[in-house]
Each structure stands twice: as structure tokens, then as C-alpha cells.
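Visitor: A structural model of the following input is requested.
(chains A and B)
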2 protein chains.
Amino acid sequence: MPARLVECVPNFSEGTRGAVIERIVAPFRGRAGVRLLDHRADPDHNRLVVSLVGDPEPLADALAESCRAAVASIDLRTHRGAHPRIGAVDVVPFVPLRNFTMEECVELARAFARRFSRETGVPVYFYEEAATRPERRNLEDVRRGQFEGLCRDMGLPGRAPDVGGPAVHPSAGATAVGARRFLVAFNVNLASRDLAVAKAVAKAVRASSGGLPCVKAVGVELADRGMVQVSMNLTDHRRTPVHLALERVRAEARSRGVEVAETELYGMVPAEAMLDAAAHYLRAAGFHPSQVIELRLLDVDEGVADSPQGTGAAR
Amino acid sequence: MPARLVECVPNFSEGTRGAVIERIVAPFRGRAGVRLLDHRADPDHNRLVVSLVGDPEPLADALAESCRAAVASIDLRTHRGAHPRIGAVDVVPFVPLRNFTMEECVELARAFARRFSRETGVPVYFYEEAATRPERRNLEDVRRGQFEGLCRDMGLPGRAPDVGGPAVHPSAGATAVGARRFLVAFNVNLASRDLAVAKAVAKAVRASSGGLPCVKAVGVELADRGMVQVSMNLTDHRRTPVHLALERVRAEARSRGVEVAETELYGMVPAEAMLDAAAHYLRAAGFHPSQVIELRLLDVDEGVADSPQGTGAAR
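Guide: Predicted coordinates:
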């Protein structure tokens, strides 16, 4: 049976107290079907970002346990940090990775939110793909006024939570639970010191100014490297693949007399994004990810085994 | 802990009797640490090719059990088939895939061979990287004369087995056990009907005529598609990566006025080969396979977790 995989990147409002961080992270360790990829606490942001991948069900179970620990340990009334937040468990985005549709992911997010709210009394807003109304798609809008503002405003028209309420949890605030595509952070460095070129190229490729769908882009300076950069977030690499973003940036830069120096894939990336790029440039007709040995290993052992793919050679 | 992975593609001299095939394959099913990727029996060859991936130790255990079943069930004295063979268990190549060196793989192959020979009485020849003398590197040389020839010749100077002997096993013959790199089967189709061009390009790129290291290549006709093909085996994709093979074929074809139409990756391919190609064409400086989520999932859960790689975005 093909393994279903989701990513989840819960953000908690705790960036300093090691014991609390450990209590929040512990439920993800050594848990069958769940993999803790990364966690990083930022003291300035006073925030903990956890990267998880796993089977949807055990992942939701571990997450519920972790969130109960966060609600029990974090008090927003005394929390200070540079990053905006509305709750002890601030945001919980679910990301479909493998053999799992966005619709299933929205359902998972909403079911998790109902369980979390029932177990902790914390009200929940749905955002992005899980949003129940257009004005809640953007996380920034959901988080407007932060914890302090929400304590005051949750009763106002239009600010009632999707689950729980009618008031914020006194110490743990509220939580935003969403579903979204995997974000690929892809930067293209240009062999130029001209920031205006990077900004013009960024504008030409980003979705918001009529460029490529699902691309966010800004032009930035890499002063110490003597280059400028088009820094992109690809919010749906199936709609705009990495290679297509690169080729558009290359064309736009070239039309301004500037060449691409190199690129950077920042942080994690789904295999599919890299395989798509490889197959594109290799012009590999009919290539399928199931041909990649390592990906086959992720699938659950079958008993009846055997794919249509053969091995390259008979010995 | 990073997972160690080897591939193994044992070939058995049975292509028709379903019950025997099932007895040979059964030890690989539902076994912790071992994945049966594929098995295919060819009645004309009267041969069964099994593709396994797994942790070296449980894989060797399952393989020993499977080989005992093959030795007990196959009689070379009555075996007929189109494919050359010397034994019931004909060849057993081990391929290092992940966190496992070729040296470790040679050691694994030789340890397996000693155990197999002790358990079954079948003598073993080492080949390719596991060979103990240069003239046994090529499997074709080891298999010369096939079962029938070996029954006669095993006592001759130079034909003594590396393990066991001095005579062939009366019904199960002998076995070749080796270690080699993963073979990537990569075909480049040319937009031309001129077989002479494909043959000339193949000759220019293949190692044996001074082309690229670790490349075998022949020119063939794809009559029904109106194209010709440079059909390659890359015997070490680290030394000559897929993209380099393509670019050399492209340049050689172009110098003869012919363009590349498309390519085909045939059968299984290691993730690294595709990631190398993607990183090359994307010019992705500093890209590392550990950035690929799915590859991280293959590693054993740690308890202390956490890599230097962050997540692309904080929410």
C-alpha cells in the first residue's frame, strides 16, 4: 500500500525555556509513523517551529498530545516576542506530501482543530485552504491584533472563531489551523550588483503583478557576494515548477543584459520538485517517480509486491 | 541514525514453475528491513530475477533462506533456457545504495557467499568488485561453459571456485556472487532515422572506445518510431552522471547534424542520479540530498533528531 504522507509545521509561542520546549517536542520522538525532521527555537521571536512528516493519523495523535503540553505550559498574558502570535499553539499548517489530496488535508486540519479545541478549550480559526470564508485565507488577517487584540475583539462581527469560543482561552489564546501546499524556497542569484534589475525581474515573475502563478518574489541585495538575488517562494510547485521559475527568471534577467550565476534551494524540498526538474532538463519521456528506488522504499510492504517497473539490468 | 541500504538482484534458474518461484520469493515478503521491489520470471530464459533493497543484515538473512529453497528445488541437470547459467542460484550481485561503501559491499558479498556455500554445499565464484583475481571480474568469463562446462572443468587450473568445491553441486551447480555499482539504463533517442549516426555517437561516448568512463553504449534502431537510439548503461553514475552522458551524446549528435529528441530512463534509478541532474541544470549551489524530505524519512528515527537543515518557511 502506498504510504500517505503529510507534513505539519506547528509553531508554538515558546522560544526560551528548554524544559517547555522539550515537553512540546517529546510526543514526536520515537513515535511509529511520525518523523520529527527539525525543531528550532528562536529566543527573539520567542517561538518554536517544529517540522514533522508522517502518516496523517499517528501524526495528528502526537500533535494533539504536544498541543496539550503547550497549552498547559505557555501563558500568553506574559509572553513577549518579536513574532506576531495569537496563541500558545499559534499556527498549525498541514501540507499534503504523498498519496494525500488537498481535500483530505483540509479534512485532516479541520478534524484536528475540533479535537484540539475540545481537549483544550482553545478556539480555532481555519486559514488558507482550510478557510471557511475568503477573508480568512490569509494568516495575517486571522492574526490581526494578535493575542491582545483578539481578547478584545473575538466577540465582534466577523471575528468569531470557526471552532470553540466565544472567548479566547485565558492563557493559551487562540489557534490558526490550516492546510496549504508545500512552500519551496528558491533563490536565483544574478551576476550583477544592480538591485534594480533583481527588483524588476522579481516583479515580472511574481503572481501578484501578473507573472507566474503561485510565485512570490522579491529582489534583494547580496552585498558581501557582489550579486543580487531574486528570492522566491513557490507556493505550489506543481503549478509553477522550480525549473519553470528559473527559466522565466533567466529570460527576464537576460532581457536586461544579466545572466543567472547560480541558484539556491533553501531548506527542505519535496522529491517531486527535484524529479520534475531532472526529468524536464533530461527530456526524460515517461519518467515516473516510482522508478526512484528510495521512493519505493517509503511505501508500505505489500505481500503481493511488484510494480510495473523492471530493474535496469538482469544481473 | 542514517539507514544503510544495499540493493541485491539475485537471479535464479527457474522461470516457469509458480510454486518454486513462490518458495524462492516468499522469504523476502513482510520481512523487517527488507523490501521486495520486483520479481519477474521469464519462461524463455527459464530464469527469475528478483530486486531487493534493504538493510544489509536482514537482507542477507532472507537471501540465505531464499537460496536454500532454490538449491532444494532446482535441478540444473534438467534445466533448459535461453539465458546462460551455472547454477540454481546463478548470480547474486550486491549494490551499495546508501550509507554503505563498496568495500563494505564486497565484504557483505563474500560473507554471504561463505555462509551460502556452507549451508548448501554450492561452490562460489566472486566477480566484479568482489573478484579475487582480474580474470574473474567479468561475469561472462566466470560463467564460461555454463553448468555443463563447469561440471567438466572445475578441476582445471584457474577454474577452482573461490569458496567451496572442488566439484560443482550435483544438482545446483555453482554460483557467482559479486559487488558492483548500480546500473542506470539511460537511452537517448535521436531525431534521425540514420542508424550510422547512432552507432557513431555510441562509439564516441562509450568507455571501451575512449569515451566517457563507466559508459557502455550501442546504437540501435527504433523503426516503429522513426528514430535511432543511443542505448547506454551507466555502470557508475557518480563517475559519469546521467546529465553528463546526455550532454556528451547531444554534442556528438549535433556535430553530425542531429538533435536529441527525448530520453528514457529505463527501470529503477537511485535518487542521487536524478538529484545530481536536477542540481546540475538548476545550478543549485550547495544543494544536498538531505534537503529532500522523502530521503530524510528513510533514516532511522533518532530520539535526538534534528539536522542542520531548516524548513523553507516558518509557517
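Visitor: wait, what's in contact with A:Val92?
Guide: By Cβ atoms under 8 Å, 6 or more residues apart in numbering or on different chains, the residues touching A:Val92 are A:8, A:10-11, A:63, A:67, A:109, A:112-113, A:116, A:175-178. C-beta here means a position set from N, CA and C on the backbone, and glycine is covered the same way.
Visitor: in its sheet, what does the helix or strand that it is a member of sit against?
Guide: Using DSSP states H and E, A:Val92 sits in strand A:89-98. Partners of strand A:89-98 in the sheet, by DSSP bridges, are strand A:5-8 (antiparallel), strand A:11-12 (antiparallel), strand A:175-179 (parallel).
Visitor: quick one: A:Cys105 and A:Val177 touch, right?
Guide: No: with contact defined as Cβ atoms under 8 Å, A:Cys105 and A:Val177 do not form a contacting pair (11.2 Å).
Visitor: who's more crowded, those two?
Guide: Using other Cβ atoms under 10 Å in any protein chain shown as the criterion, A:Cys105 and A:Val177 rank with A:Val177 on top: 28 against 25.
Visitor: that older thread, continuing past the strand holding A:Val92, what's the next helix or strand?
Guide: helix A:102-120.
Visitor: thinking again about what came up before, make TSV out of the strands paired with strand A:89-98 and add distance to B:Val201 and mean pLDDT.
Guide: Shown next, in TSV, are the strands paired with strand A:89-98 (distance: least, Cβ to Cβ, whole Å; pLDDT from 0 to 100):
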stretch	distance to B:Val201	mean pLDDT
strand A:5-8	41	95
strand A:11-12	54	98
strand A:175-179	49	98
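Visitor: from the ones you listed, which stretch is densest packed?
Guide: strand A:175-179 (a mean of 28; mean count of other Cβ atoms under 10 Å in any protein chain shown).
Visitor: Is the following helix or strand past it positioned near chain B?
Guide: Note on strand A:175-179: by DSSP H and E, the next helix or strand toward the C-terminus is strand A:184-190. Yes: Strand A:184-190 is in contact with chain B by Cβ under 8 Å from any Cβ of the partner chain, via A:Val184, A:Ala185, A:Asn189.
Visitor: Of all the residues in strand A:184-190, which ones are buried?
Guide: A:Val184, A:Ala185, A:Phe186, A:Asn187, A:Val188, A:Asn189, A:Leu190 (16 or more other Cβ atoms under 10 Å in any protein chain shown).
Visitor: of those, closest to chain B?
Guide: A:Ala185 (3.8 Å; Cβ to the nearest Cβ).
Visitor: Pretty sure that closest one sits against A:Gly267.
Guide: Yes: A:Ala185 is within contact range of A:Gly267, at 5.5 Å (criterion: Cβ under 8 Å).
Visitor: tell me the mean pLDDT for stretch A:157-164?
Guide: Averaging pLDDT along stretch A:157-164 yields 95.
Visitor: ok, and what's touching that stretch?
Guide: A:113-114, A:117, A:121-126, A:132, A:135-136, A:150, A:153-154, A:166, A:174.
Visitor: The stretch 51-200 of chain A against chain B: which residues are in contact?
Guide: A:Ser51, A:Val53, A:Val91, A:Pro93, A:Leu97, A:Arg98, A:Leu139, A:Phe182, A:Leu183, A:Val184, A:Ala185, A:Asn189.
Visitor: I'd like the distance from A:Arg248 to chain B, if you could.
Guide: Per Cβ to the nearest Cβ, to the nearest Å, A:Arg248 is found 13 Å from chain B.
Visitor: which one is that residue nearest to, not counting chain neighbours?
Guide: Spatial nearest neighbour of A:Arg248, chain neighbours left out: A:Val205 (5.1 Å); criterion: Cβ to Cβ, 6 or more residues apart in numbering or on different chains.
Visitor: and that neighbour, how many neighbours does it have?
Guide: 26.
Visitor: Next: the one 4 residues further on.
Guide: Taking other Cβ under 10 Å as the neighbour definition, A:Ser209 ends up with a count of 10.
Visitor: The residue nearest to A:Arg248 and A:Lys216 touch, don't they?
Guide: No: with contact defined as Cβ under 8 Å, A:Val205 does not reach A:Lys216; the gap is 9.6 Å.
Visitor: Touching both of those two, which residues are there?
Guide: Residues touching both A:Val205 and A:Lys216 (Cβ under 8 Å, 6+ apart) are A:Met232.
Visitor: circling back: from the residues of the stretch 51-200 of chain A next to chain B, keep the buried residues only.
Guide: Taking 16+ other Cβ under 10 Å as the criterion, what is buried in these is A:Ser51, A:Val53, A:Val91, A:Pro93, A:Leu97, A:Arg98, A:Leu139, A:Phe182, A:Leu183, A:Val184, A:Ala185, A:Asn189.
Visitor: does the second one count as helix, strand or coil?
Guide: Which is A:Val53. What DSSP: H, G, I helix; E, B strand; the rest coil gives for A:Val53 is strand.
Visitor: Report the beta-bridge partner residues of it.
Guide: Applying DSSP bridges, one finds that A:Val53 bridges with A:Glu7, A:Arg35.
Visitor: Now for it: which residues touch it?
Guide: A:Leu5, A:Val6, A:Glu7, A:Cys8, A:Val34, A:Arg35, A:Leu37, A:Leu59, A:Leu97, B:Ile293, B:Arg296, B:Leu297.
Visitor: Please repeat the previous calculation with a cut-off of 6 Å.
Guide: Counting by Cβ atoms under 6 Å, 6 or more residues apart in numbering or on different chains, A:Val53 makes contact with A:Glu7, A:Arg35, A:Leu37, B:Ile293.
Visitor: residues touching the third one, list them.
Guide: Residues near A:Leu37 by Cβ under 6 Å, 6+ apart: A:Ser51, A:Val53, B:Arg296.
Visitor: ditto for the first one
Guide: Shown in contact with A:Glu7 (Cβ under 6 Å, 6+ apart): A:Val53, A:Val95, A:Leu97.
Visitor: Counting only helices, which of the contacts of stretch A:157-164 make the cut?
Guide: When these are checked against helices (DSSP state H), the matches are A:Ala113, A:Arg114, A:Ser117, A:Leu150, A:Asp153.
Visitor: would you turn those into a markdown table with distance to B:Gly87?
Guide: Below are the ones in helices among the contacts of stretch A:157-164 laid out as a markdown table (distance: Cβ to Cβ, whole Å):
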| residue | distance to B:Gly87 |
| --- | --- |
| A:Ala113 | 61 |
| A:Arg114 | 62 |
| A:Ser117 | 65 |
| A:Leu150 | 74 |
| A:Asp153 | 79 |
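Visitor: Return the two entries of those residues that lie farthest from one another.
Guide: A:Arg114 and A:Asp153 (22.8 Å; Cβ to Cβ).
Visitor: quick one on the thing from earlier: so the residue nearest to A:Arg248 touches A:Glu247, yeah?
Guide: No: with contact defined as Cβ atoms under 6 Å, A:Val205 does not reach A:Glu247; the gap is 10.2 Å.
Visitor: out of the contacts of A:Val53, which one sits closest to B:Thr240?
Guide: B:Ile293 (28.2 Å).
Visitor: Hmm, A:Ser66 is touching A:Ile24, no?
Guide: Yes: between A:Ser66 and A:Ile24 there is a contact at 5.3 Å, judged by Cβ under 6 Å.
Visitor: Pick out whichever of those two has more residues nearby.
Guide: A:Ile24 (27 against 22).
Visitor: Number of residues surrounding A:Val172?
Guide: Rather than Val, residue A:172 is Ala. 25.
Visitor: What score does it have for pLDDT?
Guide: For A:Ala172, pLDDT reads 98.
Visitor: Might you report the residue contacts of it?
Guide: A:Val71, A:Gly87, A:Ala88, A:Val122.
Visitor: Could you pull up the contacting residues of the third one?
Guide: Each residue near A:Ala88 by Cβ under 6 Å, 6+ apart is listed here: A:Ser13, A:Ala70, A:Val71, A:Ile74, A:Ala172.
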